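Visitor: Give me a 3D structure for the following:
(chains A and B)
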Amino acid sequence: ADEELEYTSKGADSCLMCHRSAKWNVMGIFETKHGSLTDPNAPFSNLQCEACHGPSAAHMKAKNKAENPPMHTFADDEEATATEQNAPCMSCHSGHSNIGWMGSAHESSDVACVSCHSVHDAHDAVMDPLGQQEVCFECHQRVRSDTLKAHGHPLRFGSMTCSSCHNVHDGNNDFLLTEDNVNDTCYSCHAEKRGPFLWEHAPATEDCSLCHKPHGSNHPASLNRRPPLLCQQCHSAAGHPSLAYTGDDIGTQPADRFLRSRSCMSCHSQVHGSNHPSGSSQMR
Amino acid sequence: LAIPAGTALAADTTADAPDTSNWVCKFCVVPYGWYGGADFGLVYVDDPTPKFADYRGLDDDGFTLDLGGEGGYRGENGHYVEYYAKNLALDSRILDAEAGKQGTYDFRGSYQEIPRYLGHGTMTPFEGVGSDMLTLPAGWAAGGPMEYAALESNRTIGAAGFTFKGLDKWRFDVDFERQEKDGTKSFGGGVFYVNAVLFPSPLNYSTDRFDASVEYTGKMLQLRAEYMGSEFDNGYSSVTWDNPLALGFGDDISRTALEPGNEFQQFSLVGAIRFTDWLKLTGKFSSGEGKQNDAFLPYSINPDFADRPLPRESLNGKLETSMYRLAGRLHVKISKGLDLTASYKASERDNKTPIDLYEPVMFEIDEQGPRSNRPYGYDRSRGDVELRWRASYQLRLNAGYVMEEIERSYQEVLKTDEDGYFGEVQWTPLAMLDMRLRYEDLSRDASPSEQQGNYGRAENPLMRKYNMADRDRQRLTAQLDVTPMDRVGVSFSVWSTDDSYDQSVIGLNDSEEKAISFDFNYLFDSGSSIYAFFTQETIEARMAAANGDGATPWNGFTEDEILSWGFGFSGQFKEKWTWGFDYVYSDSEGDIQVIDGGSGTPFPTLTTELENIRLYVDYDVNDHWGIGLELYNESYDTSDWLVDGVDPYTIDGIFTMGEESPDYDVNVFRVLARYRF
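Guide: Numbers count the residues shown, from 1 in each chain, chains lettered A, B, ... in the order given. Just a heads-up that it's a prediction; the model follows:
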C-alpha cells in the first residue's frame, strides 16, 4: 500500500512513544469510554489512535512531523472541513441521538464534533452539568447573559443544562430541541399546561415563546415584556383592556388594579387555559 | 490485545488492514478499579432570603451539611459504575448513577429535587394554606390580621432506564421518569367586577413518562422506532376560597378550577440513509394522541345555580398530532465542495375536542349568555433550500430560501405565509482570524383578518395579533474570532433582529433586539487560565391601541437594557494548591412609556442588579485527602413598581398577598473534606 495509507507497526505504542508526555494531554482518554480495551466498539479495542486519526505510518516516520500530520487531525483551524473532521466520529456515532445530524443547524454551520467535545480529556466539559453551558456559551454568548437575568430556568445553579431542552445533534426537531417543537419540549416538565382545555388561550396552544423567553427575561415568569402592554398587544376590546395607562395612573383608582400586582393576571390567571365551565375569560 | 482484521473504525478503508499481532499497547494505561471519591463538609449561609434560596436550596440561616461526590468503578472485563452526587443534604439534591458493561448494556437511575422559593413578604389571612380549601378565620373582616405565607414548591424527578446494545447494530432503550411538584403558588381569582383576590393555591402535580425505543445502526442506514407515553395527574382539581371582597349576593365563596389531568402518547420513526458520499437523506415521522377528560365542576359553587345544566359532564378533549420531516443533501465536488441541502417539515395539531354551548356564571353570581368553546388547531409546513459553497479554505459562502405556512382554526387569521432569503459569508484570511456574517430577510403575509372577539367583547377591527400579522423581518449576525496564538481566544459578536408590522394599525408595530458581546480567554503555560466576558443587549418594542373602534390610537413603548460582564482566574501553584476567583455582574433596566395625548409620564424604571464574587481554594493533603474552601457573596437589588409598596389593601379592588421585590446581600462559606479512592 501507499506509505501515506499505511498503519503504524505498533499501533498506539507507536503514537504514544511521543504523545504520552503531558505536553500533548492525550492520556486522559484512557479514563473515558473511548479508551476501553474491552468494548469491541471502542477505538482502543480496534485500531487504537489510528481508529480515529487514520493510517499514520508516514507521520511517525517523517522527520518534520508537523508537515506530515496523521491522515485525520481535528481542530477548529484545520483546513479539513467540519464534515471531513466529523467523518471519523460519525463512522461510530451516526445512530441514536445523531440520526438527525445531517441538515441540522449545527451541521449546516460547520460545527465540528471537536468544537464542543474534548475526547482526550478524562472529563469532557460538555458532559458536565455546569461545564456544558460554558462550552455552549463560547458561541451562544447572548444566552449566557440571558441566564443571569432575574427570571429564567436554573442553568446558573446546575439544576438544568442546555441539553435538558436541546438535542444539539438532531435537526429533525425545531430549534434542535429534544421534542418535535417548542410546546412539546416545555410539556416535558410543565405537563399541566398540555391540555386540551375547555377554554384555550390561543397563543399558549400555538407557541409558548410567543409570550415567554425560555433562556431568561427581566420580567416575572420569563415573559417577553410586562403586562398590561404584553396583553394589550393582542387584546383591544373597548373598556379596561384597551385603555392607556400611564405612569401617572400608579396609585390612582381604578387604573391601579389593571397596572400593579399581577396586572391583567390578577383576574385572568388561567392564561394557559381553563377547564372551568365558567372560565371562558380565563379567570376561573 | 486481539484485534479482528478489518475492524477499522474511521480509518481509511482503502488502506490495507494492518497486522496487529505486535500491537501490545503497553502505553495504554487504563486505570482499573474505583476512582473519584466523596466530598463532605459544611456550608454556612448568612441571612438567606427566598430569592437567594430559589433553586439553590440554601434557605437555612447558619450551618448546613454539604455532601456530594463523583466517581465510579472501571473493571477489566468492561463492567463499570459511575455516580454523580451534589447537594445531597440540601433541597436541591442531585444523584445520578449508571452501571453496566460498556458496549453491552447499562442501567441508569437518577433523583433530583428542584426547590422554588417565591414569596418575598407574602401574607394571607387564609387558613388551610396548602390544601384545596382556603377559609377566612371566623369573624375576619377587611383589615384583619394576616400571616406570612411562604410560596414554596419542590419538584422531585426520579428516573430509571435500561439500554441493551449486545446485538450487533441493534440498540434497545427503556426509560421511566416520574416528576412530582408539591407546594403553593400565588394565584388570582376574579371577583365582581374587575376585582380580584390573590391567594396561595396548592400544587400537587405528578407526571409519569415512559419511553421505549429500538434502533438499527448500519453503515448506510440508521433507523429508530420510539414510543413515548405521558400521564399528568393533579391531586387537586380545584381550589375553593372564601371571598374577602364578597358583595354578599352569593359570592361569599368562590371556586377556581386547577389544571386537569391529561394523557399523551406518541410513536415516532427516525431515520437516515446514505446512498453515496454525495447523497444523504434524513427524516422523522411522529404521530401522537392527547386526551383530557376530567369531570367538570358545576358552573358555580353558588347554590342558586346548582341546577344549571352543563352540556356534558367532562370535556372529552382529544388532540391528534402528527409531524414529518425530510431533509436531504446533494454534494458536488466543485473546488472544496458544493452542497445543496433541502428540508421540508409538516406538522399538525388536529383538535378533535367536541364543541358545545356553555352558559358561564361569572364571579359565581353573573349569568352570561351561551358561548361555544374553540378547540384551536394548526397545520404548519416549513421548507428550506440552501446552497453551500466552500470556495477555498479561506472563503465559504451559503445562501438559501426559507418558507413557512401556518393554517389556524377558530382564529382571526386563518393562514399566514412567510418566506425569504438568507446569505452567509465565512472568511478566514488567516488561521488566526475567522469572520462570519449572516443576513436574513423574511416577509410574512396574513390572510384577511376577521375578528373573533372574546365572547361578547368585540376586538378592535384594526387589531392584528403579532403572531399572525403581516411582518417584515431583518436579522443580522456577525462574529469575529481571533486566535493570535494557541492559548488565546478572543471573540466579538453582534446580533440584530428588526421586526416591522407595517400593516398593524392596532397591535404590535415594531420590535427590535440588538446585542453585542465580547469574550476573552487566555491559558497560561502553567495550566492557569483567565477569562472575561461582556454582553450588552437592548430589546425595544412599540405598539398601538385604542379604546374602541374609531378612537384615537395611543402608543406604548417598552425598552429593556441589559448589561452583563464578568471575569475570573483559575490556577495551580506548588502542585497541591488550586485556587481561583470569579466575578459576575448583571444589570438590567426596563422602561415603559405610554403616550396617549396626555402627559405621557413614563413608568418608574424597572431595575435589577446582580453581583456575585466567588473565591475558592483547594489543597491536596495527600493522595487520598484534600480540603476545599469556598467563599462567595451575592447581592441582588431590584426595583419593581408593580409590587413595591403594594400591601394587600393598597389597590382598591385587588386583594393582594403583599409581595415585595427581592433584595439581598448574602455571604456563603463552604468548607469541604474531599476523599479520593
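Visitor: thinking in terms of the whole chain, how far from its middle is stretch A:210-220?
Guide: When distances are taken as CA atoms, centre = their mean, to the nearest Å, stretch A:210-220 is centred 17 Å away from the chain's centroid.
Visitor: ok, and what's touching it?
Guide: Stretch A:210-220 has contacts (CB atoms under 8 Å, 6 or more residues apart in numbering or on different chains) with A:143, A:145-153, A:165, A:182, A:186, A:203-204, A:208, A:221-226, A:230, A:271, B:466-467, B:560, B:562, B:588, B:590, B:606, B:608. (Glycine included, C-beta is placed from N, CA and C.)
Visitor: Do any residues in stretch A:231-250 lie close to chain B?
Guide: Yes - against chain B, stretch A:231-250 shows contacts by CB under 8 Å from any CB of the partner chain at A:232-248, A:250.
Visitor: Give me the below-cutoff pLDDT ranges for chain B.
Guide: Scanning chain B for pLDDT under 70 picks out B:1-15, B:333-335, B:456.
Visitor: How about the stretch 51-200 of chain A?
Guide: In the stretch 51-200 of chain A (pLDDT under 70), the answer is A:77.
Visitor: distance between the ends of stretch A:188-202?
Guide: 20 Å (CA to CA, to the nearest Å).
Visitor: ok, back up a step: of the residues of stretch A:231-250 next to chain B, grab the buried ones for ChimeraX.
Guide: A single ChimeraX command selects the buried members of these (16 or more other CB atoms under 10 Å in any protein chain shown):
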select /A:232,233,234,235,236,237,238,240,241,242,243,244,245,246,247,250
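Visitor: Go through the residues of stretch A:231-250 next to chain B and flag which are in helices.
Guide: Among the residues of stretch A:231-250 next to chain B, DSSP state H puts residue A:232 in helices.
Visitor: still on that earlier bit, of the contacts of stretch A:210-220, buried ones?
Guide: Those of the contacts of stretch A:210-220 that meet the buried threshold are A:143, A:145-150, A:152-153, A:165, A:182, A:186, A:203-204, A:208, A:222-226, A:230, A:271, B:466-467, B:560, B:562, B:588, B:590, B:606, B:608, by 16+ other CB under 10 Å.
Visitor: What about the contacts of stretch A:210-220, which are in strands?
Guide: Residues of the contacts of stretch A:210-220 located in strands (DSSP state E): B:560, B:562, B:588, B:590, B:606, B:608.
Visitor: Just confirm the second one contacts residue B:590, I think it does.
Guide: Translated: residue B:562. No - using CB atoms under 8 Å, residue B:562 is not in contact with residue B:590, being 9.2 Å away.
Visitor: Distance of residue B:72 relative to residue B:99?
Guide: 9 Å (CB to CB, to the nearest Å).
Visitor: quick one: common contacting residues for the two?
Guide: Joint contacts of residue B:72 and residue B:99 (CB under 8 Å, 6+ apart) are B:80, B:81, B:82.
Visitor: want to throw these into a markdown table with neighbour count, distance to residue B:381 and secondary structure?
Guide: Listed next are the shared contacts of residue B:72 and residue B:99 as a markdown table, based on neighbours: other CB atoms under 10 Å in any protein chain shown; distance: CB to CB, whole Å; DSSP: H, G, I helix; E, B strand; the rest coil:
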| residue | neighbour count | distance to residue B:381 | secondary structure |
| --- | --- | --- | --- |
| B:80 | 20 | 46 | strand |
| B:81 | 17 | 48 | strand |
| B:82 | 18 | 43 | strand |
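Visitor: wait, which of those is closest to chain A?
Guide: residue B:80 (8.4 Å; CB to the nearest CB).
Visitor: can you pull the contacts of that closest one?
Guide: Counting by CB under 8 Å, 6+ apart, residue B:80 has contacts B:72, B:73, B:74, B:98, B:99, B:100, B:101, B:102.
Visitor: do residue B:357 as well
Guide: Contacts of residue B:357 (CB under 8 Å, 6+ apart): B:311, B:370, B:371, B:372.
Visitor: Then residue B:240?
Guide: Taking CB under 8 Å, 6+ apart, one finds B:132, B:133, B:134, B:253, B:254, B:255, B:256, B:301 in contact with residue B:240.
Visitor: Surely it is within a strand?
Guide: Yes - with DSSP: H, G, I helix; E, B strand; the rest coil as the criterion, residue B:240 is part of a strand.
Visitor: can you pull up the bridge partners for it?
Guide: residue B:133, residue B:255 (DSSP bridges).
Visitor: quick one on the thing from earlier: let me have the shared contacts of residue B:72 and residue B:99 in TSV, extended by distance to residue B:110.
Guide: Converted to TSV, those look like this (distance: CB to CB, whole Å):
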residue	distance to residue B:110
B:80	17
B:81	14
B:82	11
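Visitor: Let me know the closest of these to residue A:27.
Guide: The nearest member of the shared contacts of residue B:72 and residue B:99 to residue A:27, counting by CB to CB, is residue B:80 at 18.8 Å.
Visitor: Mind listing the residues bridging to the closest one?
Guide: Bridge pairing for residue B:80 - DSSP bridges - gives residue B:74, residue B:100.
Visitor: Next one: the residue lying closest to residue B:279 once chain neighbours are set aside from residue A:94, what distance?
Guide: Excluding its sequence neighbours, the residue lying closest to residue B:279 (CB to CB, 6 or more residues apart in numbering or on different chains) is residue B:330, at 5.8 Å. Noted for residue B:330: a distance of 19 Å to residue A:94, by CB to CB.
Visitor: who has more neighbours, the two?
Guide: residue A:94 (21 against 12; other CB atoms under 10 Å in any protein chain shown).
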